[in-house]
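Participant: Below: sequence and its predicted model.
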Amino acid sequence: MFAIVLKTAQLFSFMRSTEITPDKDGEQVTLAGWVHEVRDLGGLVFIVLRDREGFIQITLPKKAVEREVFNRARKISRESVIKVEGIVKREDKAPNGFEIIPKTIEVLNGSSAPLPLEVTEKVPAELDTRLDNRFMDLRRPKVSAIFRIKSQVVRSIREFLYEEGFIEVQTPKIVSTATEGGTELFPISYFEREAFLNQSPQLYKQILMSAGFEKVLEIGPIFRAEEHNTTRHLNEATSVDIEMSFTDHEGVMKLLERLVAKVYADIIEKCDKFLKILEIKLEVPEVPFPRISYSSAIEIASKSQEIPWGEDLDLQALKTIGAEIGGFYFITEWPTKIKPFYVMPFEDEKISKSFDLMHGYIELASGAQREHRYEKLVEAIKAKGLHPESFEFYLKAFRYGMPPHAGWGLGLERFVMAMLDLGNIREAMIFPRDRVRLSP
RNA sequence: GCCCGGGUGGUGUAGUCCGGCCCAACAUGAGGGCCUGUCGAGCCCUCGCCCCGGGUUCAAAUCCCGGCCCGGGCGCCA
């Protein structure tokens, strides 16, 4: 049923490269895609057709195809979009054991030359050149594979969390106040007022705990106006956020590590083809992940440098710790003063029920049990030098029955970067926004 | 924002240190030609480049100054 609907939605019906096999020998098929390469041997021409799923060889022996088709085919420019009707022929000399002998080749739209970069990967291209010509960069199988995997990552996250009873929500990305302090926000013009692009759905997902949703999930963009210029920061990223009532930090850490393991298992099972293209071998990480308290983390870091208790861990420290622990691990029990106001402190108020999920030296997620007691929360806001009045829309939800709750936010691009061992987070974002890039 | 490195055909590099041998080289590409089993096809011919501005010099891709742009490291960053 679905397939029929899909086909009627198409301009014409065609098969994908992976749907054809040698045992379709003799059958007539229609294909559509891009001309990856043309190899003209004189009396024999090969066209390598590329579509979403792979490559297929179109073979034109001079004597076996119409002269007009033959002469036109050898002149088609690379990356032109063509439609091919032909007969499948079993052939041991062809890749995958078959080829297509065309009856007609229609150029649906020709490509200009020269190309802004090599789709064939014979010549490398710099990231900047690639991003300027992302439409073409994404035609490269290795680049495309990253986003096919990312798509499955998002799907697996949704499936897992829906299965766990989470309700997916969408919270506003345009907000009125510079909410939590800490990061810089992008100001925007909102009619006669100034507004901001939201840095995180944090406050909204907490309000929804008061609303009685119990378990919420949001996958959406977050915006940070920091002028950072590194291989692991973006100014627009995707955050996977959850918030859950009647649990604590331990509860949501367990959920997070199970989620990570489930996504890895799904990717291994469903994205084998793309992992092979990327030459990556994945293993499902073992659960539970190691838990390292902040205090023991600074002790490990002391091998390379002294971190006074209460200071944040800098990159050097995280590299030392990451090298020691390896893989996924949690850093827990952070000093309250370096975490945001909404984290729940322990009895000893210097330490908070907070955690970061790490992979090597990269922070993938951070979370905590939240402060749900109104008076304590107001105090915490003041202690950060912020004004409770500007949080009234949020604080109000804490005065009329706010359950204890906990949650986390996971950076989707960081997660994909860690999984696929990408050297630059921009590789994990289809159209990245960084300090200087605003186009395409 | 700081420090370092860089900008050479459409793409990716060599040449810069120590000015002349560079009207710039290699690969890929583009245009044309030969070739019936290519699969990073092969062979022949042709085309196309020194970021911008100023300076030094007989002579600048190369040295100096300014600008713009890019990369890396760090910082900033729930």
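Facilitator: Cool, the structure landed.
Participant: residues contacting the residue of chain A most remote from its centre?
Facilitator: Farthest-out residue of chain A from its mean C-alpha position, per C-alpha atoms, centre = their mean: A:Lys63, at 49.3 Å. Taking C-beta atoms under 8 Å, 6 or more residues apart in numbering, we find A:Lys63 in contact with A:Gly43. Yep, even glycine has a C-beta here, placed from its N, CA and C like the rest.
Participant: Which residues of the stretch 101-250 of chain A lie near RNA strand B?
Facilitator: A:113-118, A:120, A:122-129, A:180-183, A:199-202, A:222, A:224, A:226-231, A:233, A:239 (C-beta under 7 Å from any atom of the strand).
Participant: Which residue is the nearest non-sequential neighbour of A:Ile87?
Facilitator: Nearest residue to A:Ile87, sequence neighbours excluded (C-beta to C-beta, 6 or more residues apart in numbering): A:Ile101, at 5.1 Å.
Participant: cool, A:Leu412 as well?
Facilitator: Spatially, and ignoring its direct neighbours in sequence, A:Leu412 is nearest to A:Thr238 (3.9 Å; C-beta to C-beta, 6+ apart).
Participant: CA atoms only for the helix or strand hosting the one you found - export them in PDB, please.
Facilitator: Taking DSSP states H and E as the criterion, the element that holds A:Thr238 is strand A:236-245. The C-alpha coordinates for strand A:236-245 follow below in PDB (Å, rounded to 0.1, in the frame of the first residue of the first chain):
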ATOM      1  CA  GLU A 236      23.200  25.900  15.900                       C
ATOM      2  CA  ALA A 237      23.000  22.400  17.100                       C
ATOM      3  CA  THR A 238      20.400  19.700  17.700                       C
ATOM      4  CA  SER A 239      19.600  18.800  21.300                       C
ATOM      5  CA  VAL A 240      17.900  15.600  22.400                       C
ATOM      6  CA  ASP A 241      16.200  16.600  25.700                       C
ATOM      7  CA  ILE A 242      14.300  14.500  28.200                       C
ATOM      8  CA  GLU A 243      12.700  15.400  31.500                       C
ATOM      9  CA  MET A 244      11.100  12.800  33.800                       C
ATOM     10  CA  SER A 245       9.100  13.000  37.000                       C
END
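Participant: that older thread, what's the local residue count around the residue nearest to A:Leu412?
Facilitator: For A:Thr238, the count of nearby residues is 20 (other C-beta atoms under 10 Å).
Participant: Please apply the same query to A:Glu121.
Facilitator: Neighbour count for A:Glu121, taken as other C-beta under 10 Å: 12.
Participant: Please apply the same query to A:Arg52.
Facilitator: By other C-beta under 10 Å, 13 other residues sit near A:Arg52.
Participant: Pull up the per-residue confidence for it.
Facilitator: Looking at A:Arg52, its pLDDT reads 92.
Participant: quick one: contacts for A:Lys337?
Facilitator: With contact taken as C-beta under 8 Å, 6+ apart, A:Lys337 is in contact with A:310, A:350.
Participant: Mind pulling the model confidence for it?
Facilitator: 89.
Participant: My reading is that it lies in a helix. Confirm?
Facilitator: Yes. Looking at A:Lys337 with DSSP: H, G, I helix; E, B strand; the rest coil, it is inside a helix.
Participant: Tell me the spacing between it and A:Pro345.
Facilitator: A:Lys337 is 10 Å from A:Pro345, where distance means C-beta to C-beta, to the nearest Å.
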